[in-house]
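*Asks:* make a model of this:
(3 chains)
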Amino acid sequence: MSNTNKTFAARCYDLLLQIPNGKITTYAAIATALNSKAYRAVGSAMAKNEQLINIPCHRVVKSNGCVGNYRLGTEEKIKILQKEGIMIKNGKIINFSRYLYSFN
DNA sequence: CCGGTGACTAGTC
DNA sequence: GGACTAGCCACCG
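*Replies:* Below you'll find the model as predicted:
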C-alpha cells in the first residue's frame, strides 16, 4: 500500500472529516481504517489536535462504548455529543453500535 | 538509537 | 462491572 507521506495524525484527521453529524467512531476503527493497530497513536493524535474547531475529534469514542477522553475534558465531549443527538448515560453511549460510522 | 508516554484495547479476577 | 495487567503503536527528547 502506498501510504501518504503525512503523519499518522494527519491521516486520522482526514478520516475524522468523513464522519457525518450525529455519527461516531472508535479509536480502534480509525486505526483499522489506516490499516494499523495503533489505537494508542490515534488517541495521541487527538490529544495533539490543535484544530479542535475544524476536526470533530469529539466523535471518537472507546470500543466499549465509553465516551473516552477529550482535550477540553470528558464533560465537554459529552455535552457536544449530546448536542449532536447522541444519548449518553454515565459516560456510556446509549445504542452505541447504532451510531457507529464505517469508513470505506 | 532507545526509553518513556498516552484522548486505547482485550483479557483476567 | 470495577480494578489490574499486558500488548499495542506513533511521537518526542
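
*Asks:* A:R11 reaches A:L34, doesn't it?
*Replies:* Yes: counting by C-beta atoms under 8 Å, A:L34 is a contact partner of A:R11 at 5.4 Å. Glycine gets a C-beta too; all of them are placed from N, C-alpha and C.

*Asks:* surely A:L72 meets A:I53?
*Replies:* No: assessed by C-beta under 8 Å, A:L72 is found out of contact with A:I53, at 11.3 Å.

*Asks:* which of the two has more residues huddled nearby?
*Replies:* More neighbours surround A:L72 than the other of A:L72 and A:I53, with 12 against 7 (other C-beta atoms under 10 Å).

*Asks:* nearest residue to the more buried one in space, please, no chain neighbours.
*Replies:* Nearest non-adjacent residue to A:L72, counting by C-beta to C-beta, 6 or more residues apart in numbering: A:L52, 7.3 Å away.
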